[in-house]
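K.L.:
from the sequence below, what's the structure:
(chains A and B)
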Amino acid sequence: MKNEPRSLPNTLRSGKAALLVVVAIVLTYGVLYPSWELIKTSLQQNGTWSFANYSTALSQPIILESIIASLGVSLLTVFFCGLVGIPLAFLFERFDFPGQRLFASLAAMPLVLPPLVGTVAFILLCGESGILARVVQKALRLESAPWTLRGWSALLLFHTYTMYPFFYVLSGAGLRRIDAALAEAGRVLGGSRLYVLARITLPQITPSLLAAGLLTFMTSMASFSAPLLFGGNVRVLTLEIFTARQRGDTTLAITQTVVLAVISLAALLLFQRYEGTRRFAAAAMKGAPKAQKRIASGKGRAAAMFCSILFSLILFLPIATLLLVSFARDGLWTTQTLPPEYTVNNFKRIITEGNAIEPFINSLTMSGLAALAALIWSFCVATIVTRWRRKVGRRLLSLLVLVPWALPGTVVAISIAEAYGKPSSLLGSFILVGTFWILPVIYFLRFMPLVVRAVQSNMEQLDPSLEQAAASLGARWWRRLTRVTLPLVWPGAVAGTLLAFVIALGEYVASVLVFVPANRPVSIAIASELRDFNLGSAAAYGVILIAIIGVSMMIAGRLERWRY
Amino acid sequence: MPLLSLKNISKRFGQTRAVADVSLDVEKGEFFGLLGPSGCGKTTTLRMIAGLEEPDSGEIRFNNQEITRVSPERRGFGMVFQNYALFPHLNVFENVAFGLRARHKPKNEVNERVAAALELIQLPGYGKRRVDELSGGQQQRVAIARAIAIEPALLLFDEPLSNLDVALREETRGELRELVNRLGLTAVYVTHDQEEAFALCDRIGVMVGGRLRQTGRSRELYDRPEQLSVARFLGRNNLIRVIRLSQNRSAVTEFKTLEGGHTLRLTAATEDLAPLNQPCFLAIRPEHVRIVKAGQQLENGFGGEVLEINFAGATSTVRVDANGLLLEALVLQPNGLVAGGSCTIQLPSEHLSLLKNE
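P.N.:
Numbers count the residues shown, from 1 in each chain, chains lettered A, B, ... in the order given. Next up is the predicted model:
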């Protein structure tokens, strides 16, 4: 239900002006100015304006190749994710079997798995010295590992594993919205099952599929951990930016960053368009849509149950591996199939040793600060967006807020580093780069759009007559806000905040570019343990991270289902 | 030989028995109504005819061929859904053409038949419109056009008018009946609205609680309900609890009302009678209850007190209390009656229906 924006009572006019100022300042500092600095640097060479940086960059075959590689990986990722995600959505939406709800929610799990942790788990399971490879090697008595986890196939496998939930979740939601009577009408009119699927069901969920495809594409373009750890000779754009910056070639890094940003923003604009049309199915219908009846008997159901159990096993294998290895004694696992000795020392060390637990404390603090700021900020934005009567203004604001979320973490980190790495016109002589605060700021910028979306959609669903009723009973705006609006919105808002919090907790892409010893986050600790081959410790960090995320998401799930 | 025939159809959903042992026949060219309160199983019955549900037991025959488990697309029936189920991603033309295209008809035939169907529902030239640009009434007509474009062997309606406002509903009702007559189609029409069913259908089956209780023409159902549930569902009825006293003379039976203790005599077939001393029900319509001045001696007549008189324009409703038996009467002019006054009530035996125990 989308309500027309409500007109403002006089008492709120000044409040709204103040909110607008806050929002404008944050967006200027966080989005507009850094973007401007990025574009300016990319367009200037030795103080003069030119496209020289672009022609230099694009004339290097290695950079062109990286752009093509990024696009290729992303398009193929979209294809494979659709191949896994869409049938899975049908499986869980159309069949009813014991445990169906549990499996259905488990299948969305990779969405919140930190990419770095997932990468580590993948290496431990499928890498050339991973458990799976060793099982096969032993079984077939091979001299060397049966495969290597490198290059295109490795990347696509991992991307599919972590990104298919976009297709699964969105096409599932699309399927739930379809009126079951439509497919029935198609059947009665003479269409076979397949004909109806192709001509009625799929066209109905096309907007959802396009949105899922674009989300997958954007996420894959931004992917960094997997290309870094097992991309092999596939040099994607994010990786090129990282190495250019490590080499000290800032201008090249920035130029590539702008290219990456442009591709991602184009995808965002398309995404917004299709997301807006997602409700066209419901618009033409009179009366409540009829829910599709699930198939709860017969062979199909047994097959569905078998598939979902099999799928959940595949889904869980990497996590189970991570859990197993987290108990392995570091340095003793050499050629055996499974780690030979187990201990709780990895966990004990993290909890008791000061410098081992510090990354956790850093990450929790920074993510907590960012999430809290995002929550407050979201109420500012949502209040304005839901009450702003100018459509253009609302859309522009929504788009600006979404931009940092659509941009790859690499882009956000580089733009903030570029804008606030030297004395700037906005911060004066204060330099953000090199301080503790740079990471909380980046986390806030990257993940606040998630919270804004949650708060905004909850506010839009509020019936305006509730507030009007409160007003008619004599409640002033403060009382209306604290007694009516907030109590109705907060479960959804907190759920959104928790999501932003857990995603920030495992953040690696942006952190690796700008972290300092004072704010070394847990993802960096995992990466360095991995580099030193302390697999047990790396896995233990990952397990603790997943545990925190799991608990948070359970709370968030409860809150989202909260009904008065 | 009936065109469509259902034999002992039953269907359960989990623990609930949606349809129990329903048998019915529909003749070619007949407009058959399935009438009943919501949740009575009428829509489920229709969906089994369409092939959208499979009966647990029983048999459905069409044109003397068994079709019980034939998939819906092979039955060649047309169906109009309650919410129309127009495909929102297709325009009006494409919606109407859907069934023809699914049958791989040549392009020019599709064009011709869609145009003809749109002509029939008086929406020619609307082909390019999006379905959500149409009004509710127009959407409803497009749904009908889509169903008749395939020249269905049988037309099924699932409460097709229930989403229209009252004035439009009555207008569309007339058009619908006219259209079906003109095309010579056979139709099964599900509704919970008795007025609609009476106006549209040649014959009506009344369903209550998953069972088909009574089948007949509108007039028969209204005047002679055979079962308590039918008498309760169809219009207002005075339901009088009685026990049989005797079977005097040839066919006239004597009853005593449990409330008020009045004696009523009526003609009833012997096989319809409940055993002696077992309570059963008599039904009489309020418009058939006669109220006259107090003190008259009449067959099936007794004295009572006027409780209230509700003026409703052309008619008035009079509620009376006859020694504990509460009755409702519909009169044109409540002349000479006052609330609190006494009167004589007559229940003419030709209007009393003896209901079968269920």
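
K.L.:
what pLDDT does B:R249 get?
P.N.:
Per-residue confidence for B:R249 comes out at a pLDDT of 53.

K.L.:
which residue ranges form the strands in chain A?
P.N.:
Listed in chain order, the strands found in chain A under DSSP state E are A:44-45, A:48-49.

K.L.:
residue closest to the middle of chain A?
P.N.:
Nearest to the mean C-alpha position of chain A, counting by Cα atoms, centre = their mean, stands A:L111 at 6.6 Å.

K.L.:
how many residues are close by the closest residue to chain B within the stretch 1-150 of chain A?
P.N.:
When distances are taken as Cβ to the nearest Cβ, the stretch 1-150 of chain A reaches nearest to chain B at A:D96, 11.6 Å away. C-beta here means a position set from N, CA and C on the backbone, and glycine is covered the same way. A:D96: 16 surrounding residues under other Cβ atoms under 10 Å in any protein chain shown.

K.L.:
next one: A:V26
P.N.:
18.

K.L.:
please name the nearest non-neighbouring residue to it.
P.N.:
Of all residues not flanking A:V26 in the chain, A:W377 sits nearest, at 6.6 Å (Cβ to Cβ, 6 or more residues apart in numbering or on different chains).

K.L.:
separation between that neighbour and chain B?
P.N.:
A:W377 sits 37 Å away from chain B, going by Cβ to the nearest Cβ, to the nearest Å.

K.L.:
again with A:F224
P.N.:
According to Cβ to the nearest Cβ, A:F224 stands 38 Å off from chain B.

K.L.:
what does the stretch 451-564 of chain A have sitting close to chain B?
P.N.:
Residues of the stretch 451-564 of chain A lying close to chain B (Cβ under 8 Å from any Cβ of the partner chain): none.

K.L.:
please parse chain B into its domains.
P.N.:
What automatic domain parsing lists as the domains of chain B is B:4-228, B:236-354.

K.L.:
which of the ones you listed is buried the deepest?
P.N.:
For those, the largest average neighbour count (mean count of other Cβ atoms under 10 Å in any protein chain shown) is found in domain B:4-228, namely a mean of 19.

K.L.:
returning to that earlier point: and the gap between the residue nearest to the centre of chain A and A:Y161?
P.N.:
Distance, A:L111 to A:Y161, using Cβ to Cβ, to the nearest Å: 11 Å.

K.L.:
related to what we said a few turns ago, how many neighbouring residues does the residue nearest to A:V26 have?
P.N.:
Here the number of neighbours of A:W377 (other Cβ under 10 Å) works out to 20.

K.L.:
how about the longest helix seen in chain B, does it reach chain A?
P.N.:
Ordering each helix of chain B by length in residues (DSSP state H) puts helix B:166-183 first. No. On the criterion Cβ under 8 Å from any Cβ, helix B:166-183 is out of touch with chain A, staying 12.6 Å away.

K.L.:
average pLDDT for that helix?
P.N.:
Mean pLDDT, taken over the full extent of helix B:166-183, equals 89.

K.L.:
next helix or strand past that helix?
P.N.:
strand B:187-191 (DSSP states H and E).

K.L.:
elements contacting that next one?
P.N.:
Packed against strand B:187-191 by the contact rule (3 or more Cβ pairs under 8 Å, 6 or more residues apart in numbering or on different chains; DSSP states H and E) you find strand B:31-35, helix B:42-50, strand B:155-158, helix B:194-200.
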